[in-house]
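> All I have is the shape, not the residue letters:
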C-alpha cells in the first residue's frame with residue numbers, strides 16, 4: 001500500500017468536499033448553529049409556555065356549592081382561582097378548554113363532616129392538558145388546606161396539639177454531586193446527539209464521493225488514474241471519517257458554549273434572586289463531567305469509523321444522489337432506536353449490552369458524563385466497536401473492488 005497516494009487522494013477529496021454546499025451545511029452549519037438553536041430554543045420556549053400557563057388564573061366551577069358554604073368560601077378566598085357559576089355542561093366546557101376544572105361536592109357533605117363520616121369530593125379535569133392540570137393542582141391544594149383546618153379545629157376542641165396526627169415531617173435531601181445529577185438528567189441526551197451527528201456528518205460526503213462520482217461521470221476517470229483501488233478507498237474513506245469527526249467536534253464546542261451561557265445566566269438569576277431575599281429552589285446546578293465528555297469523544301471514534309464505512313459501502317450501490325439517500329436514510333432509524341433505548345429507565349450497562357453496537361456506546365457514555373468510569377466495560381466496548389468498524393471497513397474495500405457494484409446497470 002502506498003500511503004503517499006492515500007494522502008494525495010484524501011487531500012484532493014477533502015478540498016472538493018469543502019466546495020460542496022451540502023457537505024458544509026451538514027458538517028458545520030447544522031451542528032454549530034441549528035442544533036444548539038433547536039435544543040436551547042425549544043427549552044426556552046417550553047419554559048416560557050409553562051411559565052405562562054402557571055401565571056394564568058384558571059376558571060373553576062363548583063357543583064353543589066350550596067351543600068358546603070364554608071368550602072365554597074375557601075375556594076373564593078384563593079387568589080389563584082377564578083370561580084364561575086355552575087352549569088350542566090361543565091364536562092363539555094372542560095373539553096373545549098373554556099373551563100379548566102370542576103369540583104363536585106356530594107350531598108350531605110357538611111353533615112358527614114360533623115358526624116365524622118367519610119365523604120368524597122370529585123375533581124373533573126382534562127387529562128393531559130397542562131392548564132387543566134395546574135387548575136386541578138390548585139383545587140387540590142385548597143381542599144387539602146381546608147381538610148387540615150377541619151382536623152386542627154377538631155383536635156383543638158379535644159385539647160390535642162395539631163401535630164397529633166402528623167408527629168413528624170419528611171424532607172428530601174440530595175446527596176449526589178452535580179456531575180451525577182447532570183449525568184442522570186441529560187447524560188443520555190449527549191451521546192444520542194453525538195452519535196446521530198456523527199452519522200449525519202458522514203452521510204453527505206459518503207454519498208457525494210460514491211454515487212455523486214457516478215452521477216457526474218467522474219468515477220471512470222478516477223479509476224483510470226495511477227492509483228490503486230485500496231488507496232482510492234482509504235483516501236475517500238478518510239475524507240468521510242474526517243467530516244464525521246469534525247461534525248462531532250463542532251457540535252461539542254457549540255453545545256458546550258451554549259450550555260455555559262445558559263449556566264451563567266442561571267447563576268446570575270439565582271444570585272439576583274438570593275440578593276433580593278427570594279427563596280432559591282434547588283441545591284445544586286446540574287453539571288456534566290468534562291473528562292467524561294472527552295471519554296465520550298474517544299468512544300465515538302470507532303463508532304464514527306463504523307458509520308463512515310457502512311454509509312460509504314451502501315452509497316456505492318447507488319447510481320445517483322437521490323438513490324443513495326433512499327438507501328442510506330433508513331439507517332437513521334437503526335441508529336436512533338438503540339441510542340434512545342439507552343435513555344430508558346432501567347436499562348443499565350452490563351457485559352452483554354456492552355457487545356451491542358451503538359447501544360453500548362450510548363450506555364457507557366451516559367456513565368462517563370456522570371463521572372463514573374467502568375474501565376473493564378469501557379475496554380470491552382472500545383475493542384468490540386473497533387472490531388465492528390474494522391469489519392465494515394473491510395467490506396467497503398471489497399465492495400469498491402467489485403466492478404458489478406461500481407458500474408451497476
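Ah, there it is. None of the values given here were measured: they were computed from a predicted structure.
> use CA for all of it now, contacts and neighbours both
Fine.
> Tell me the confidence at residue 386?
Note for residue 386: predicted pLDDT of 91.
> give the contact list for the nearest residue to it once chain neighbours are set aside.
Of all residues beyond its chain neighbours, the one nearest residue 386 is residue 302 (5.2 Å), with distances taken as C-alpha to C-alpha, 6 or more residues apart in numbering. By C-alpha atoms under 8 Å, 6 or more residues apart in numbering, the contact set of residue 302 is 382, 385-386, 389.
> Using the record's domain definitions, break the chain down for me.
3-38+178-406, 54-164 (automatic domain parsing).
> could you dump those to JSON lines with distance to residue 45?
Conversion of the domains of the chain to JSON lines gives the following (distance: least, C-alpha to C-alpha, whole Å):
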{"stretch": "domain 3-38+178-406", "distance to residue 45": "10"}
{"stretch": "domain 54-164", "distance to residue 45": "14"}
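> phi, psi of residue 238?
phi -60, psi -30 (degrees, to the nearest 10).
> need the strands for the stretch 101-250 of the chain, in chain order.
101-104, 122-124 (DSSP state E, counting those that start in this stretch).
> packing partners for the longest one?
Strand 101-104 sits against strand 59-63, strand 122-124, helix 130-157, with contacts defined as 3 or more C-alpha pairs under 8 Å, 6 or more residues apart in numbering; DSSP states H and E.
> Can you tell me what sits against it?
59-64, 90, 94, 121-126, 132, 135-136, 139.
> can you rerun that using 10 Å?
Here strand 101-104 makes contact (C-alpha atoms under 10 Å, 6 or more residues apart in numbering) with 58-65, 83-84, 86-87, 90-91, 93-95, 120-126, 131-140.
> now the residues you listed: which count as buried?
If you count burial by 16 or more other C-alpha atoms under 10 Å, the buried members of the contacts of strand 101-104 come out as 58-65, 83, 90-91, 93-95, 123-126, 131-136, 138-139.
> and the helices and strands packed on strand 101-104 as CSV, adding distance to residue 250?
Listed next are these as CSV, based on distance: least, C-alpha to C-alpha, whole Å:
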stretch, distance to residue 250
strand 59-63, 48
strand 122-124, 50
helix 130-157, 36
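> Could you check how far residue 79 is from residue 142?
In this view, residue 79 and residue 142 are 11 Å apart by C-alpha to C-alpha, to the nearest Å.
> before we move on, back to that, residue 171 is nearest to which of the helices and strands packed on strand 101-104?
Relative to residue 171, the nearest member of those by C-alpha to C-alpha is helix 130-157, separated by 18.9 Å.
> Taking their axis directions, the closest one and strand 59-63 sit at what angle?
50 degrees (axes from the mean of the first three to the mean of the last three C-alpha atoms, to 10 degrees).
> what pLDDT, on average, does helix 130-157 get?
Computed over helix 130-157, the average pLDDT equals 88.
> by contact count, what packs against that helix?
helix 35-55, strand 59-63, helix 69-77, strand 101-104, helix 109-115, strand 122-124 (3 or more C-alpha pairs under 10 Å, 6 or more residues apart in numbering; DSSP states H and E).
> Mean pLDDT lowest where, among these?
Among those, helix 35-55 scores lowest, at a mean of 75.
> Just name whatever secondary elements it is in contact with.
helix 130-157, helix 229-275.
> hang on, the earlier thing: give me the element the residue nearest to residue 386 is part of.
helix 290-316 (DSSP states H and E).
> on that earlier part again, measure the residue nearest to residue 386 to residue 398 for me?
From residue 302 to residue 398 the distance is 20 Å (C-alpha to C-alpha).
> The helices and strands packed on helix 35-55 into CSV, with extra columns for distance to residue 360?
What follows is the helices and strands packed on helix 35-55, written out as CSV (distance: least, C-alpha to C-alpha, whole Å):
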stretch, distance to residue 360
helix 130-157, 36
helix 229-275, 18
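> so which of the ones you listed is the most packed in?
Of those, the one with the most neighbours on average (mean count of other C-alpha atoms under 10 Å) is helix 229-275, at a mean of 19.
> picking up where we left off before, same list, the strands of the stretch 101-250 of the chain, but as JSON lines with distance to residue 378 please.
Below are those laid out as JSON lines (distance: least, C-alpha to C-alpha, whole Å):
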{"stretch": "strand 101-104", "distance to residue 378": "52"}
{"stretch": "strand 122-124", "distance to residue 378": "51"}
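> Figure out which of these is closest to residue 218.
strand 101-104 (68.0 Å).
> So which bits of the closest one are buried?
Buried residues in strand 101-104 (16+ other C-alpha under 10 Å): 101-103.
> Distance to residue 252 added to those, as CSV?
Formatted as CSV, the buried residues of strand 101-104 follow (distance: C-alpha to C-alpha, whole Å):
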residue, distance to residue 252
101, 45
102, 49
103, 50
